[in-house]
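Novice: Quick one: sequence plus predicted model below, questions after.
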Amino acid sequence: MPGPTRERERAVESEEEKEEHGCPECESDTLVKTGDGELMCDDCGLILEEENIDRGPEWRAFNHSERQSKSRVGAPTTQTMHDKGLTTQIDWKDKDAYGRSISSEKRSQMHRLRKWQERIRTKDAGERNLQFALSEIDRMSSALGVPRSVREVASVIYRRALKEDLIRGRSIEGVATSALYAACRQEGIPRSLDEVAEVARVEQKEIGRTYRYIAQELSLGLEPVDPVQYVPRFCSELGLSEEVEQKTREIIEVTAEKGMLSGKSPTGYAAAAIYAASLLCNEKKTQREVADVAQVTEVTIRNRYQEQIEALDIH
C-alpha cells in the first residue's frame, strides 16, 4: 500500500505532466495558477485543477460597504498603544444595548468598572511608563501635524529605548520627545529642534542631549537633514509661487556642491535660499517674514544669504 509520501509525489508528477502537455481543450500551453489555487488555461478558461478548501469567508459581499459590515475582524494592531490595541474598553455612555438610559445604581456600577478597567490595563511600572510616554508622543505628534507613520516609528524607537534600559536616569518626556524628533528625521518629515521643543514639556538642550544619546546607543544612523526638505513647507507658509520654490532648490543644490552647507543649520540655510530666490523672482519677502516662518534670526539669514550670493557670483 503506497504511503502519503508516494501519493504526494504522484500528485506533483500529475501536475507537472498537465503543465507539460498543456490544455486538453485548446492545446494551449498557457496554464496559470490563480490566487485561489486553481490551475487554469489562460486562453479558453478551462479549470484543470482546483483546491477543495475554500479559505475565504463563509459570507458573500457585493460591494465595499457590505464587506465592511460583515467583516468580524477588529482594528489593526498599533505600536502607538502600550498594549498594541489588543484591549477592551467600557463605553462612557450610560446606556444599554437598546440606547435606553440605565438606572443610577447601574451608572454607579459602570463608573467603578471603568475605573478598575483603567487600573488593570497596566500590570507594572514598565507598562505605566510606556502608556504615559506613548500618550505624550501622540499629543506632540498632533501638535506638530505629522502623519501616522511618524507616530508608529517614534513608538517603536521608544519601545527599543525602554527595552535597552536607556530611560534610567532620564525623564520620560525627554526620551519620548527625542524619539519623536528621531522618527521625524527617519521618515523624512522635516521638523526642527526648535519646533519640537515648542510642543514639548522639556528644555531644548535636554532634547538634543537625549536624542544624541539614543541615536548612538540604538545605532539609528540618521543622515544630516537636507535643507531642501524644509523648502515646500516654508514657501507654502510664505505664500510663494512654484517658481520661487524651484529657484530655492537650485540655489541650495549649487551652493551645497561648493561645500557651503557643511556645519550650517539646515533651517537657516533653507530660509536664506528662499529669501534670495524671492528677490530673484520679484516676489520679495522681508528677512523678518522669512525668519519668523523658519524660526531663525535675521542675522542668520543675512550671513547665509551673503555666502550664497558670493558662491553663485551674483551681484
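Specialist: Yes, it's here.

Novice: and the nearest residue to residue 46 once chain neighbours are set aside, how many neighbours does it have?
Specialist: Computed as Cβ to Cβ, 6 or more residues apart in numbering, the closest residue to residue 46 that is not its neighbour in sequence is residue 25, at 4.7 Å. Every C-beta, even on glycine, is put in place using the N, C-alpha and C of the backbone. In terms of burial, residue 25 registers 12 neighbours under the definition other Cβ atoms under 10 Å.

Novice: Residue 286 too?
Specialist: For residue 286, the number of neighbouring residues by other Cβ under 10 Å comes to 12.

Novice: ok, now how distant is it from residue 306?
Specialist: 16 Å (Cβ to Cβ, to the nearest Å).

Novice: about what we covered before: state the phi and psi torsions of the residue nearest to residue 46.
Specialist: In terms of degrees, to the nearest 10, the main-chain angles of residue 25 are phi -80, psi -50.

Novice: That one reaches residue 44, doesn't it?
Specialist: Yes: with contact defined as Cβ atoms under 8 Å, residue 25 reaches residue 44; the gap is 5.3 Å.

Novice: where does the stretch 51-200 of the chain dip in pLDDT?
Specialist: When residues are selected by pLDDT under 70, those of the stretch 51-200 of the chain lie in 51-55, 74.

Novice: what are the ranges of the helices in it?
Specialist: Assignment of helices within the stretch 51-200 of the chain using DSSP state H, counting those that start in this stretch yields the ranges 64-70, 104-120, 125-144, 148-163, 172-186, 193-199.

Novice: separation between the spatially most central residue of the chain and residue 222?
Specialist: Central residue check for the chain by Cα atoms, centre = their mean: the C-alpha nearest the mean position is that of residue 149, 1.0 Å away. Residue 149 sits at a distance of 16 Å from residue 222 (criterion: Cβ to Cβ).

Novice: Same question for residue 31.
Specialist: The gap separating residue 31 from residue 222 is 50 Å, by Cβ to Cβ.

Novice: So which of these two has more stuff around it?
Specialist: Each of residue 31 and residue 222 has its neighbours counted (other Cβ under 10 Å); residue 31 has more, 20 against 11.

Novice: The more buried one is in contact with residue 24, isn't it?
Specialist: No: the pair residue 31 / residue 24 is not scored as a contact, 10.8 Å apart, by Cβ under 8 Å.

Novice: got the phi/psi numbers for residue 259?
Specialist: Torsion angles at residue 259 (phi, psi; degrees, to the nearest 10) stand at phi 80, psi 20.
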